[in-house]
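Student: Sequence first, then the predicted structure, then my questions.
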Amino acid sequence: MGKEIHVHGGVSLQGRVRIQGSKNAALPILAAALLTKEENVLCNCPRITDVFRMLDLLRSIGCLVRWEEQGVCVDAGHVSLSRLPADAVMGMRSSLCLLGALLGRCGEAAMEHPGGCVIGERPIDLHLSALRRMGVDFWEEEGLLHARAARGLSGAELRLPIPSVGATENIILAAVCAQGDTRLQGCAREPEVEALCRYLVCCGARIDGIGTGELVIRGGKRLFGTSFRIPADRIVAGTYLFGTLAAGGCAMLEEAPCSQMEAVISLARDLGAVCQAAKEGLWVQAPRRLRHVPLVRTKEYPGFPTDLQSIAMTVLSGAPGTSRIEENIFEDRFRVVEPLSRMGADLRQLSARQVIVQGPRRLKGQRVEAVELRGGAALVVAGLMARGETVITGCPYIERGYENICKDLRELGARIYCV
Ligand code: EPZ
């Protein structure tokens, strides 16, 4: 994708598009491949920059990586290093799951502190406290976070105070290699955590309670390479679902994981859409006029996903009446309020966690800048519904999570291109 996205709004969508593999399932599964010594074939792995960067990290510690027609092959037979190159880790929060994988494989790890980003401070206290309980010592040296399980990893009774996705994944990655069993209560139930567990079971791990808030992970099993299909990305599917509501028209979202999108489909229906879960994916028909929705609250899965909050805000700006958006997961995920307001949306930010949307407003195309992934996708959706042309810069943020958002939306009839 080039450095600018140009969207000519006011064109209703019609067509079908295949939904790519899930970024947030692929990233922890790529890290988990480190726990095997044979080749892994990950089908439907999305070709996005966060995946490319994760693959570079795996290569940097000795893994063999190659793309094939059906997906990516990762062979971690020879892991030589446990220290991750600083530049590759910085700014990529999802590299944090390499911590658990490296501890599982090598018993130690060293990495830049994957600091916060624009959507929030992104602390890692829950990761560290749980792994300490499993026998890991942490210390800072030359600005790097060092970890070592001097006497090996041991299973533990753990409880997360908040169902952190990343902490849950790191604990699972360490626990499958630990001596003894780990019981994890209060864990995240996101489908991406479930996919990680199913991949590890395919490699020979024993995990009970998959998909629930309590996991029992049997440690010490030898894990073998496997082939595994990355499930479709529910957030990309939700992006195009709301994009269809924004532009009007209808679309078939092939392979959309409907069973993982209940809260998203429910909001679309409240907005007046007809949504039909079919074998091949999700069919959506936009209403002629959006209906009023008084409140959207983000929650941990199965609640409404924080990753679609900015995109929902965009659509709500075109719906009648007053709507309140509550962001309950991250403390600063309203960066899109400024550019959306410049496009004509009537938004009032009451606090770090609440925005009031007044509609309906007809957005007007502007030159706007993406400063993070999902806010960038929300600006693309805004371009679909705005009058005139919208130019979006900061495309590298969008490319972190979308293989080719312009091509996908063009397949639905949108007048959008990248230069
Ligand atoms: C994952 O981030 C996703 N990223 C995020 O998607 C997603 O928004 C988030 O889960 C919530 O669903 C990946 O899977 C790569 P958390 P993660 O740990 O693991 C606090 C996208 O757009 N917390 O569940 O970082 C934290 O500050 C990205 O694809 C602690 O306080 O999310 C946040 O407020 C954005 N201490 C809340 O928990 C900790 O040690 C949820 O964070 C860890 C987290």
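Tutor: Right, received. Where do you want to start?
Student: near the ligand, which residues of this protein show up?
Tutor: Within the chain, the positions near the ligand by CB under 6 Å from any ligand atom are 23-24, 27, 93-94, 120, 122-127, 162, 164-167, 188, 190, 192, 306-307, 329-330, 373-374, 401. Any C-beta I mention is one placed from the backbone N, CA and C, and that applies to glycine too.
Student: immediately after the helix or strand of the chain with the lowest mean pLDDT, which helix or strand?
Tutor: Ranked by mean pLDDT, DSSP states H and E, the weakest helix or strand in the chain is helix 86-89, scoring a mean of 60. The first helix or strand that comes after helix 86-89 along the chain, using DSSP states H and E, is helix 97-106.
Student: Give the other helices and strands that that following helix contacts.
Tutor: Applying 3 or more CB pairs under 8 Å, 6 or more residues apart in numbering; DSSP states H and E, we find helix 97-106 packed against helix 23-32, strand 108-112, helix 125-133, strand 144-148, helix 165-175.
Student: so can I have a markdown table of the ones you listed showing mean pLDDT?
Tutor: Compiled in a markdown table, these are given as follows (pLDDT from 0 to 100):
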| stretch | mean pLDDT |
| --- | --- |
| helix 23-32 | 98 |
| strand 108-112 | 88 |
| helix 125-133 | 96 |
| strand 144-148 | 90 |
| helix 165-175 | 97 |
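Student: re the thing from before, just the buried ones among the residues of the chain next to the ligand, please.
Tutor: Applying 16 or more other CB atoms under 10 Å to the residues of the chain next to the ligand, the neighbour count classes 23-24, 27, 93-94, 120, 124, 126-127, 164-167, 188, 190, 192, 306-307, 329-330, 373-374, 401 as buried.
Student: Verify the stated contact: Arg151 with Asp137.
Tutor: No. Taking CB atoms under 8 Å as the definition, Arg151 is not a contact partner of Asp137, at 9.8 Å.
Student: and this structure, what are its domains?
Tutor: Domain ranges of the chain: 5-20+232-418, 23-229, per automatic domain parsing.
Student: Return the member of these having the minimum mean pLDDT.
Tutor: For the domains of the chain, mean pLDDT drops lowest on domain 23-229, to a mean of 92.
Student: what's the spacing between it and its chain's center?
Tutor: Put simply, domain 23-229 sits 15 Å off its chain's centre (CA atoms, centre = their mean, to the nearest Å).
Student: quick revisit: the more surrounded of Arg151 and Asp137?
Tutor: Taking other CB atoms under 10 Å, Arg151 and Asp137 do not tie; Asp137 has more neighbours (13 against 10).
Student: Against His146, how distant is the more buried one?
Tutor: To His146, Asp137 is 8 Å away according to CB to CB, to the nearest Å.
Student: now the residue in the chain positioned nearest to the ligand, nearest residue through space, not along the chain?
Tutor: Relative to the ligand, the nearest point of the chain is Gly166 (2.8 Å; CB to the nearest ligand atom). Distances taken as CB to CB, 6 or more residues apart in numbering place Leu96 nearest to Gly166, at 5.5 Å, with adjacent residues excluded.
Student: how close does the one you found get to Ile416?
Tutor: 33 Å.
Student: Over to Leu35?
Tutor: Taking CB to CB, one finds Leu35 at 41 Å from Ile416.
Student: higher neighbour count, those two?
Tutor: Legend: neighbour count by other CB under 10 Å for Leu35 and Ile416, higher for Leu35 (27 against 23).
Student: Now do the same contact list for that one.
Tutor: The neighbours of Leu35, taking CB atoms under 8 Å, 6 or more residues apart in numbering as the test, are 76, 101, 104-105, 173, 176-177, 200, 203, 223.
Student: between these, which is nearest Cys258?
Tutor: Leu200 (24.9 Å; CB to CB).
Student: that's a strand at that closest one, yeah?
Tutor: No. Under DSSP: H, G, I helix; E, B strand; the rest coil, Leu200 sits outside any strand and is assigned helix.
Student: Give me the neighbour count for it.
Tutor: Number of residues near Leu200 (other CB under 10 Å) recorded here: 27.
Student: surely it meets Ala32?
Tutor: Yes. Leu200 is in contact with Ala32 according to CB under 8 Å; the separation is 5.9 Å.
Student: Next, the buried residues of stretch 209-218.
Tutor: Residues 215, 217-218 are the ones in stretch 209-218 that count as buried (16+ other CB under 10 Å).
Student: go on, stretch 316-323?
Tutor: Neighbour-count burial for stretch 316-323 flags 316-319, 323 (criterion: 16+ other CB under 10 Å).
Student: Identify the residues contacting that stretch?
Tutor: Defining contact as CB under 8 Å, 6+ apart, one finds that stretch 316-323 is touched by 246, 271, 289-296, 325, 340, 345-347, 356-363, 382, 385.
Student: of these, buried ones?
Tutor: Those of the contacts of stretch 316-323 that meet the buried threshold are 246, 271, 290, 293, 296, 325, 340, 345, 347, 357-359, 361, 363, 382, 385, by 16+ other CB under 10 Å.
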